[in-house]
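A.B. asks: Just need the structure, nothing else, for what follows:
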Amino acid sequence: MLRRILLPAAAACIGIAGAAWAMKEPPAAEESFRDRAPEDEVVYFVLPDRFENGDPSNDTGGIAGDRLTHGFDPSHKGFYHGGDLKGLTEKLDYIQGMGVTAIWFAPIFENKPVQGPEGNESAGYHGYWVTDFTSIDPHFGTNAEFKAFVEAAHARGMKVYMDIITNHTADVIQYADGDYSYRRLADYPYSRRASTGEPINQGFMGDDVLTVENFARLTSPDYAYTPVVPEAERQVKIPAWLNDPIYYHNRGSTTFSGESSRYGDFAGLDDLYTEHPRVVDGMIEIYASWITRFGIDGFRIDTAKHVNPEFWQKFVPAMLETAEAEGIPNFHIFGEVYSDSPNSGFLAQFTNRDGFPAVLDFAFQAAVRDVVGGNQPPAVLVDMFAGDVNYEGGEDAALAMPTFLGNHDMGRFSTLVKSANPGISQEELLARTLLGHAMLMSLRGSPVIYSGSEQGFVGDGNDQAAREDMFPSATASYNDNDLIGTDATTAEANFDTAHPIYMLVRDLAAIRARHPALRSGRQVVRSYNDTGPGLVSFSRFDPETGAEYLLAFNTSGEKLGASTAIGYTARSIETLHGTCPDAVDAPGSLKLQLAPFGWCLARLSETDK
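C.D. replies: Sure thing, here's the model as predicted:
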């Protein structure tokens with residue numbers, strides 16, 4: 001296959017200076033992958049359905065009928081396309097070759113195959129419409145195949161993170177009167193039946209009293225709506241207790257504001273009553289079993305901000321204790337707390353109050369998006385990092401925050417950059433995207449690569465439009481996309497290890513692996529523009545030796561000549577990646593010459609060369 005590789009000046013040294021220097025470093029001492037801290041990982045996020053189809057016999061999940069029954073239609077972006085665990089396992093060489101050390105994938109529990117109103121149906125290919133929390137969805141394979149995948153990853157020293165849901169299940173419960181608007185606690189208290197106003201749930205003191213004794217008095221679920229479960233789906237959920245409407249809020253659809261954010265049905269999905277002690281205990285039982293049965297290494301927790309803090313205060317310690325008992329000392333738990341702001345204060349409350357060890361770093365995503373893609377001053381990025389002190393554990397805890405550029409919900413980084421810069425050329429779009437990845441792979445946090453990003457995917461938008469196939473796609477709205485760094489389209493397989501973004505991630509992952517400063521080193525700001533695009537630089541320090549590393553980035557489309565502050569003891573400089581000067585100009589200062597959207601990653605020394 002002919003591929004055109006577009007290499008901007010900023011990326012010309014990929015695989016040369018960076019890789020060559022990395023190979024000079026001695027390999028780390030042999031240790032178990034279990035010993036690695038979360039900040040040591042390079043994470044690859046994948047939707048199994050869109051990655052590789054290793055077993056076409058499971059495309060319909062063993063379900064008879066048409067696409068509205070089994071959910072398989074590879075021509076439609078909202079249905080199953082055929083990717084599975086077998087395919088993911090077969091591509092571990094490709095994933096590990098990029099320097100990835102941990103794989104995080106969208107939920108693979110058994111889902112309701114198809115749901116949605118007539119004419120607007122879609123399938124559970126993404127995994128967020130769970131019916132059976134104990135089994136792998138047959139579209140993806142079997143529990144045995146999942147075990148084989150985990151073992152294959154572990155044999156390579158790679159960790160496995162599962163994406164889990166405690167907030168909701170598939171949409172099964174309906175309301176008798178057909179209205180699904182949110183009904184407030186004040187207007188529809190638990191003490192009277194919505195349809196007649198008669199007293200119910202006598203003695204129940206509301207969900208401020210989180211005791212088994214109090215919730216034993218909650219016996220009637222029709223305080224806001226009369227929940228109805230279709231006959232064909234009365235026993236569809238596993239474990240069986242999930243089939244009882246008493247364990248759901250049943251207050252109608254969330255408006256994503258106020259109390260409805262925690263009590264409302266998320267996009268119509270059945271919202272679990274996470275205040276209920278039976279739900280807390282049941283979810284702990286469910287997910288502890290995935291740790292004990294399969295020895296997985298972490299959880300990304302979906303829709304974390306839509307669940308009450310008291311749930312997390314019990315759930316998170318229970319998972320960590322289970323993992324510790326299973327010999328998994330660095331079990332990583334990070335919550336999805338969606339935010340569109342570079343201010344980390346909103347995220348930090350979930351580490352302080354709810355007890356999450358980490359959260360997906362949406363603040364990092366927003367800051368890099370605004371600075372690299374939105375032409376805002378680098379001060380935005382600096383201010384975001386200044387907020388690290390707000391996390392429980394402060395700047396040390398921030399080292400373990402999973403950082404990312406784009407995802408399957410908000411859209412790809414390249415798509416966001418393109419949207420912010422109408423008429424942008426393919427070469428500039430690639431250059432900005434490479435710069436974003438250089439920041440991702442070297443600044444504090446555990447970097448997450450969304451599958452397809454390393455192949456230059458540029459989607460049409462968010463959600464379904466950002467979930468392209470890595471294997472040959474039959475979806476027209478994907479196949480007409482103009483990818484960056486290649487002549488390929490999504491109509492053919494995209495596992496090109498010579499793609500410039502893949503090579504950049506690979507080389508920076510190798511450098512990161514050999515230099516603890518780029519994984520767990522303290523990070524301080526050095527110099528930055530506070531008006532308009534331009535220079536932003538940071539130093540990171542080896543946690544053992546104190547050696548200083550310089551990370552400098554040019555966020556503008558113009559060649560940059562500027563000085564950056566450095567430590568006063570630095571006397572010489574060694575290039576790790578990018579374009580760096582040959583010498584230190586004076587104690588405390590270094591003169592940079594950076595290409596448009598270029599960077600310099602270097603190690604400073606207190607001795608002359």
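A.B. asks: Tell me what V448 is bridged to.
C.D. replies: The residues listed as beta-bridge partners of V448 by DSSP bridges are V43.
A.B. asks: number of nearby residues for it?
C.D. replies: In terms of burial, V448 registers 27 neighbours under the definition other Cβ atoms under 10 Å. For every residue, glycine as well, the C-beta is placed using N, CA and C.
A.B. asks: and if you look at R540?
C.D. replies: Using other Cβ under 10 Å, R540 has 25 neighbouring residues.
A.B. asks: OK, contacts around it?
C.D. replies: The neighbours of R540, taking Cβ atoms under 8 Å, 6 or more residues apart in numbering as the test, are S442, R444, A517, L518, G521, R522, Q523, V524, E548, Y549, L551.
A.B. asks: how much space between the residue lying closest to the first one once chain neighbours are set aside and L592?
C.D. replies: Looking back up the chat, that one is S442. If you skip the residues right next to it in sequence, S442 has L551 as its closest partner in space, 5.1 Å away by Cβ to Cβ, 6 or more residues apart in numbering. In this structure, L551 lies at 11 Å from L592, with Cβ to Cβ, to the nearest Å as the measure.
A.B. asks: go on, Q349?
C.D. replies: Taking Cβ to Cβ as the measure, Q349 and L592 are separated by 38 Å.
A.B. asks: So if I had to pick from the two, which one is more boxed in?
C.D. replies: The neighbour comparison of Q349 against L592 (other Cβ under 10 Å) goes to L592, with 24 against 18.
A.B. asks: phi, psi of the more buried one?
C.D. replies: Backbone torsions for L592, taken as degrees, to the nearest 10, come to phi -110, psi 150.
A.B. asks: Assess the claim that it and A565 are in contact.
C.D. replies: No - between L592 and A565 there is no contact under Cβ atoms under 8 Å: 11.2 Å.
A.B. asks: overlap in contacts of these two?
C.D. replies: When contacts are counted by Cβ under 8 Å, 6+ apart, L592 and A565 are jointly contacted by S537.
A.B. asks: Can you tell me the closest non-neighbouring residue to G203?
C.D. replies: The shortest distance from G203 to any non-neighbouring residue, by Cβ to Cβ, 6+ apart, is to R217 (4.3 Å).
A.B. asks: and that neighbour, how many residues sit next to it?
C.D. replies: By other Cβ under 10 Å, neighbour count at R217 equals 13.
A.B. asks: For P378, give me its contacts.
C.D. replies: Residues V371, Y528, N529, D530, P533, G534, L535, V536, F553, T555 are the ones in contact with P378 under the rule Cβ under 8 Å, 6+ apart.
A.B. asks: likewise V43?
C.D. replies: For V43, the contacting residues are V100, T101, A102, I103, W104, Y161, P402, S446, P447, V448, I449, by Cβ under 8 Å, 6+ apart.
A.B. asks: does the fourth one sit in a helix, a strand or a coil?
C.D. replies: Secondary structure assignment for I103 (DSSP: H, G, I helix; E, B strand; the rest coil): strand.
A.B. asks: can you map out the strands along the stretch 51-200 of the chain?
C.D. replies: With DSSP state E, counting those that start in this stretch as the definition, the stretch 51-200 of the chain shows strands at residue ranges 102-105, 109-111, 114-115, 122-123, 130-136, 159-164, 174-175.
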